[in-house]
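[1] Sequence and predicted model, in that order:
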Amino acid sequence: MKYLALLFSTLGPLAVLAEPVEIVAVEARMGASGWRFDVTLAHPDTGWAHYADAWEVLDADGRSLGTRTLLHPHETEQPFTRALGDVAIPAGTARVFIRARCSVDGWGAALFEVTL
């Protein structure tokens, strides 16, 4: 029992590190030179060692249509919104998906569906 307590006390901090980036909201609008996406993310950024570092727009087949790289952590700005413009969406596409990435855990499995 003592060893289990030690194991869980050691793994406890890792559970926090494994928290995926949450996609809180997405706004999409068509512009003159493509689509613009404003994506709001939440993540327990802890500094340069662990932070939400990107999000991308995917088509229904999982192909990337555009990626927004996040160049720094947002520890004091949560949730936060960043935009990506001039995204070319193939004609006839009715929906796309947003997924997010963190610098430690990589791309999250959760997809946020956006109807265009």
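    That came in fine, so what should we check first? Numbering: from 1, shown residues only.
[2] What's opposite the residue nearest the centre of the chain in the beta bridge?
    Closest to where the C-alpha atoms of the chain average out (C-alpha atoms, centre = their mean) is Ala100, at 2.0 Å. Ala100 has these beta-bridge partners by DSSP bridges: Trp55.
[3] thought it was touching Val24?
    No - taking C-beta atoms under 8 Å as the definition, Ala100 is not a contact partner of Val24, at 10.1 Å. Heads up, the C-betas are built off the backbone N, CA and C, glycines and all.
[4] Residues that sit against both of these two, list them.
    Leu41 (C-beta atoms under 8 Å, 6 or more residues apart in numbering).
[5] residues touching the closest residue to Gly108 other than its chain neighbours, list them.
    Ranked by C-beta to C-beta, 6 or more residues apart in numbering and with sequence neighbours excluded, the top spatial neighbour of Gly108 is Pro20, at 4.1 Å. Taking C-beta under 8 Å, 6+ apart as the criterion, Pro20 is in contact with 43, 100, 102, 105, 108-110.
[6] again, only this time at 10 Å
    43, 52, 99-102, 105-110 (C-beta atoms under 10 Å, 6 or more residues apart in numbering).
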